[in-house]
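Visitor: whatever this is, show me its structure:
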Amino acid sequence: MFSRLSVSNLRIFVVLVGVLILAIGFSWGTSDNSSKTDNNTTSQNENVFNLPSPGVLTGGKNNGSIVFGLWSANLGTQIRVTNTSQGSDYTLAQLPANIKDVHVLSNNKLLFIANTDSIDHGKEIVIYDTKTYQTEQIVQVEEGRGIDDIVLSPDKKFIAWWEVKFDSKTNVLKGGESKVFIQNLEEKMTKLVVDESQSVEMHYPLFFDWENRLYLDAFKPNQGRQYYLGISFVTYDSPTVLNPISQLTKGKFSSQPILSPLDNKVVYTGFDGKDGNGKTIFYNPLEKSLKEELRRPELDNPNQVILLDLDNLASDQEKIIAGSENNQQYRNLIFSSDGKYVVYAIFHISLLPSGKPNIVYSHKIGIYSLDNGETIYLDDNSPAPKIIIDYKDNQLIYGETEGSTSIGNLGETYSSTLRSFVVSNAQDKSKLNLAGTNRKMQFISYEPYQKSGKLNLFSQTTQPTIEKNRKSLELVELIVPDTKNVENRLNSQNNPIKPAANQTLNPDVSPTPSECSDCPTCCELVVQLCGTPCDWVDYSDPNYPNGRRCDAYENHVALGYKCYDSPLYLYPQKTSSVNIKPKVSHRIYYSNPQLKDQSWEITASPNGQLVTTSGEYIGRIDYNYFSQNASPPSRGLIVEAAQLKSVLNDYALKVGLNEREANDFISFWIKELNKVPSPYYFISHYDKETASKIMSFDINPRPDTFIQVIMYFKPLKYLMSFEAPDFEKIPDRTGFTAVDWSGKIDL
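Guide: Here you go, the predicted model:
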C-alpha cells in the first residue's frame, strides 16, 4: 500500500521504523473448518469483547456508519461500526491479527488481505461473511510472492491487486518482480495487467472509476520518493494497454486522485511550481544532494486543489478550485458522500531559520460547492490533525488523531490512528463524539445511509446499541498493530539502496568486533564474572539475594557503570602515525591492540587499514569498556526479533556508517541480541552530548570529521509505545575521518 501514502503520512513514515508483526495463532482456509475456527475464536473472546453474533452492518438514521478497526496483541483484529447519528458503536467481526486493507463489500461481507508476513505482504485475498463466519478465498499467491495492496471498484464488482517479489540478494523491490492483476468478482475471471521484472519503472494500482477503468501510478523502487511519476489507465477488455493521462504526469499532482461518488470526476492536490509573490516553497533538505530530476518539491508543497473530469481528458483541462495564496497548503481531500462538495484541510507553512518547514496544522477547513463554485470556510481550532470523512447538512464528520506516531494498516491506506470520531455542527458549533475511548482506532470506510450516486448498500435501519459491549471493551488494553512491519515494507520498496563497492550488506558473513577467543563481550563478561546466564535475574531465587547476580557483577556493572562494545575506524588522507587516547569514566577492560600508556599507537592508511606497533594488520581498533550509567534514550523503535537485520541495516545508514562499518555493526548486534532472546527489542541511540560523556577520544592528529554513535538496546517482553528517534544530519566525510560506534544491551 505504498502507493497511497499521503505526503503527511510519508513524513510520519520517514521517522518511523519498527512497525512489526506478531505471530498470532490464527488459521485461514476456504472450508467449513476455517469457518468453525473463526466461530470458536469469537466464542473464546466473547467474555472480553462481548461480541454480538452474527454481525451485520446497518445504516445510520441520518448520515451513515463509520467502519473502523481495533487491534489487540492477544485478541486479534476487531472490526467495529459507529453510527454517526447516535454515537454508539458495535462489533461487526472478530478476525485474525495478520490481516490488512479491509474493504466493505456489503452489509455482511468484508474483503481483505490475509496471512500477512513480517513485511506486511499477504498470501491471499479473502471474503469473510460476518453472518455465517464463512471465509472464501478468491486469490492466493505463489510461494515467495506477496500481495502488497488491493483496490476495489466503486460498484464492488472488480478488484485489482499488486503482487511483488523482492530481489533475493538485496531483499528489496528494486531488481525484483512486480505484477498487477484485475479480477471480475462475479465471474471470478482474472487478467494480468502488468508484469515488470527487474524493471527500472514499475506500476501499482491506485483506483477504479465508475466505468471500471483501472488507474495505475508509475514509480521507481528504491530511489527515494520516486512515486507519482505519472498515472495511466487500463480497461478490463484491454488490460495490458496503458493509456497515459497528460494532466497527471510527474510534477503535476501531489496526492492520489479521489473519485467522486457521483461521476468520474477526481480531485487531488498539485503544485504551481512558483516561488515569490508571498509564497514560501519548501525544498526537502534530504533531497539537496540529489539531481534536479530526482527532487520532488511538489510532494512538499501541495498548494493547489485541482478538479479533473476523467471522461473528458481530451478536451477538458483541470480546474483549480483552491490556489497557493497566503502560503496555503492543502491536504485530506474528499468528496462529500452526496457528491456536492469538495472538502479539504488548509495548512499554513513558513520556514524556520533551520530551513525546516513550520506547518500550522489545519486552522481552516475549506468546503467548495460543485453547484455554484463558492467556497465556505470552517474554523478549525483543534490542535490535533484530522482525517476528514464527510460533510453533509452543515455537519463535518472527521477522525481526530490520537497523537502518537502509530500507523494503522486496516484501512485502504496506511494512516495515523485515531482517538475519536467527531460530528461537528458548522452552525451551532456543537459536537458529538463517536466511539471516543482512546482505543487507537483505524479508519476503514464510511458507508452513508443514502448515496446520491450509483450505489446504495444500506437500508435505513437502526444499529443495535450495546452499552455493555462498550464498557467491556474499555476494560481491555487495545493497541494499534505496532507489530505490523509497515516501515520495513516501505524501506524495501522506497528507500534508496546505498551503493556498494563490489559487495552487499550481508550480516551473516561479516566479521564482528569481538571475534576472538579472549575478548569477552558485555554479556560474556557477566557470565565470566558471575557464572550466571546473561539475562534477567530471578529476584525470587535464593541464590541471588536482593536480586544480585554476584559481587563481581554488582561492582563492575550495577553500581553506576554500564558495559559497552565498540570498534574505532580511522581514514586519514595519507598514511600517517596516529595516537589515540580513549577518555572513559571507568575503564577499558579489553582492546585489540592493547593499550600502552593508556593510548593506542597506530599507522593508518586512507583505505582504513591499520598497522599496530607489533606489525599486525587490522581493520579497526576493537575495545570493550565500562562507562557511566547514562539515562536511557526516551525515544526509539520497538522491533520484533525477526526484523532485527532489516531495522539495523536501516539504522546503520541513518547514522552515517559506510558499507564496511555497517556490515560490522549489523552482524555484531544481531549476534549479541540473539544471546538475549526476547519477543521485542527497544532500539535507540544517545544524543551527541550524552555520547561524548560516555566515551570520547584525544586523537592526534585531530580528525577533520568525527562520526560517533552509541546505541542502546533493551529486551522487552511486551509491546510499548515510543516516539521515533531523532537522527542528526550526517556530516560529509572530508579530510581525516574517524568513526566510532558502540552500544550496550540494558538487561
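Visitor: ok, what's across the strand from Gly64?
Guide: Pro448 (DSSP bridges).
Visitor: how about the helices in the protein?
Guide: With helices called from DSSP state H, the chain shows them at 7-14, 32-49, 297-300, 467-474, 486-493, 522-530, 551-553, 644-654, 659-673, 688-694.
Visitor: burial of the residue nearest to Thr190 when sequence neighbours are not counted, as a residue count?
Guide: Leaving out its chain neighbours, the residue that sits closest to Thr190 by Cβ to Cβ, 6 or more residues apart in numbering is Gln183, at 4.5 Å. (Glycine included, C-beta is placed from N, CA and C.) When neighbours are counted by other Cβ atoms under 10 Å, Gln183 registers 20.
Visitor: wait, isn't Gln183 in contact with Lys157?
Guide: No - using Cβ atoms under 8 Å as the test, Gln183 is too far from Lys157 to be in contact (9.8 Å).
Visitor: got the contact list for the residue nearest to Thr190?
Guide: 138-139, 158-161, 189-191 (Cβ atoms under 8 Å, 6 or more residues apart in numbering).
Visitor: in TSV: those residues, plus distance to Leu648 and pLDDT.
Guide: Below are the contacts of Gln183 laid out as TSV (distance: Cβ to Cβ, whole Å; pLDDT from 0 to 100):
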residue	distance to Leu648	pLDDT
Ile138	37	96
Val139	34	96
Phe158	41	98
Ile159	37	98
Ala160	35	98
Trp161	31	97
Met189	45	95
Thr190	39	96
Lys191	41	96
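Visitor: hmm, Arg331 and Pro302 touching each other?
Guide: Yes - using Cβ under 8 Å, Pro302 makes contact with Arg331 at a distance of 6.3 Å.
Visitor: look at the two and report which has more neighbours.
Guide: Ranked by neighbour count (other Cβ under 10 Å), Pro302 and Arg331 place Pro302 first, with 27 against 23.
Visitor: quick one, phi/psi of that one?
Guide: phi -70, psi 80 (degrees, to the nearest 10).
Visitor: which residues touch it?
Guide: Residues near Pro302 by Cβ under 8 Å, 6+ apart: 7, 254-255, 269-271, 329-331.
Visitor: care to break this protein down by domain?
Guide: 2-489, 498-745 (automatic domain parsing).
Visitor: okay, now the unreliable bits of the stretch 451-600 of the chain?
Guide: 451-565, 585-587 (pLDDT under 70).
Visitor: and Lys274, what's its pLDDT?
Guide: pLDDT for Lys274: 61.
Visitor: hmm, I typed the wrong one, I wanted Leu653.
Guide: At Leu653, pLDDT is 92.
Visitor: that one reaches Glu659, doesn't it?
Guide: No - at 9.8 Å, Leu653 and Glu659 do not qualify as touching, with contact defined as Cβ under 8 Å.
Visitor: so those two - more neighbours on which side?
Guide: For Leu653 versus Glu659, the count of surrounding residues by other Cβ under 10 Å is larger for Leu653: 20 against 16.
Visitor: neighbours of Pro677, how many?
Guide: Residues lying near Pro677 (other Cβ under 10 Å) number 9.
Visitor: do Leu310 as well
Guide: For Leu310, using other Cβ under 10 Å, the count is 22.
Visitor: what about the closest residue to it other than its chain neighbours, how many neighbours?
Guide: Closest residue to Leu310 in three dimensions, ignoring its sequence neighbours and counting by Cβ to Cβ, 6+ apart: Asn264, at 4.2 Å. Neighbour count of Asn264, defined by other Cβ under 10 Å: 17.
Visitor: pull the contacting residues for Asn264.
Guide: Neighbour list for Asn264: 209-211, 309-311 [criterion: Cβ under 8 Å, 6+ apart].
Visitor: again, but for Leu308
Guide: Leu308 touches 247-248, 257, 265-268, 316, 318-319, counting by Cβ under 8 Å, 6+ apart.
Visitor: what sits closest to it if chain neighbours are left out?
Guide: Glu318 (4.6 Å).
Visitor: tell me the contacts of the one you found?
Guide: Residues near Glu318 by Cβ under 8 Å, 6+ apart: 247, 270, 306-308.
Visitor: hang on, the earlier thing: gap between the residue nearest to Thr190 and Tyr236?
Guide: 10 Å (Cβ to Cβ, to the nearest Å).
Visitor: hey, where'd the strands end up in the stretch 101-250 of the chain?
Guide: 109-114, 124-129, 135-140, 146-152, 158-165, 177-184, 189-197, 202-208, 214-219, 230-234, 243-249 (DSSP state E, counting those that start in this stretch).
Visitor: in CSV: the ones you listed, plus distance to Ile730.
Guide: Output for those, formatted as CSV (distance: least, Cβ to Cβ, whole Å):
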stretch, distance to Ile730
strand 109-114, 36
strand 124-129, 41
strand 135-140, 42
strand 146-152, 30
strand 158-165, 30
strand 177-184, 31
strand 189-197, 32
strand 202-208, 29
strand 214-219, 25
strand 230-234, 32
strand 243-249, 33
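Visitor: ok, which stretches of the stretch 601-747 of the chain are strands?
Guide: All strands of the stretch 601-747 of the chain, identified by DSSP E, counting those that start in this stretch, fall at 610-612, 617-618, 621-628, 637-640, 680-685, 695-700, 705-716, 737-745.
Visitor: mind listing what the first one pairs with, with the direction of each?
Guide: This points to strand 610-612. Paired strands of strand 610-612, with direction, are strand 600-604 (antiparallel), strand 617-618 (antiparallel) (DSSP bridges).
Visitor: my guess is Met711 contacts Lys744. True?
Guide: Yes - using Cβ under 8 Å, Met711 makes contact with Lys744 at a distance of 7.4 Å.
Visitor: on that earlier part again, check the residue nearest to Leu310 and give its pLDDT.
Guide: 96.
Visitor: and it, how far from Ile258?
Guide: Distance from Asn264 to Ile258, by Cβ to Cβ: 12 Å.
Visitor: ok, now Leu570?
Guide: Where Ile258 is concerned, Leu570 sits at a distance of 55 Å (Cβ to Cβ).
Visitor: these two: which is more packed in?
Guide: Leu570 (25 against 17).
Visitor: what residues are up against the residue nearest to Gln427 when sequence neighbours are not counted?
Guide: Nearest residue to Gln427, sequence neighbours excluded (Cβ to Cβ, 6+ apart): Asn394, at 5.3 Å. By Cβ under 8 Å, 6+ apart, the contact set of Asn394 is 425-427.
Visitor: filter the contacts of Leu308 down to the buried ones.
Guide: 247-248, 257, 265-268, 318 (16 or more other Cβ atoms under 10 Å).
Visitor: turn these into a markdown table, including distance to Pro96.
Guide: Shown next, in a markdown table, are the buried ones among the contacts of Leu308 (distance: Cβ to Cβ, whole Å):
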| residue | distance to Pro96 |
| --- | --- |
| Gln247 | 42 |
| Leu248 | 37 |
| Pro257 | 32 |
| Lys265 | 38 |
| Val266 | 34 |
| Val267 | 35 |
| Tyr268 | 35 |
| Glu318 | 43 |
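Visitor: out of these, which sit inside strands?
Guide: Judged by DSSP state E, the buried ones among the contacts of Leu308 include 247-248, 265-268 as members of strands.
Visitor: distance between the ends of stretch 380-390?
Guide: Counting by Cα to Cα, to the nearest Å, you get 15 Å between the two ends of stretch 380-390.
Visitor: wait, which of the buried ones among the contacts of Leu308 is closest to Asp740?
Guide: Closest approach to Asp740 among the buried ones among the contacts of Leu308 (Cβ to Cβ): Tyr268, at 47.3 Å.
Visitor: beta partners for that closest one?
Guide: Using DSSP bridges, the beta-bridge partners of Tyr268 come out as Ile306.
Visitor: how far away is it from Tyr204?
Guide: Computed as Cβ to Cβ, the Tyr268 to Tyr204 distance reads 17 Å.
Visitor: could you flag which of the contacts of Asn264 are buried?
Guide: Buried by 16+ other Cβ under 10 Å: 209-210, 309-310, out of those.
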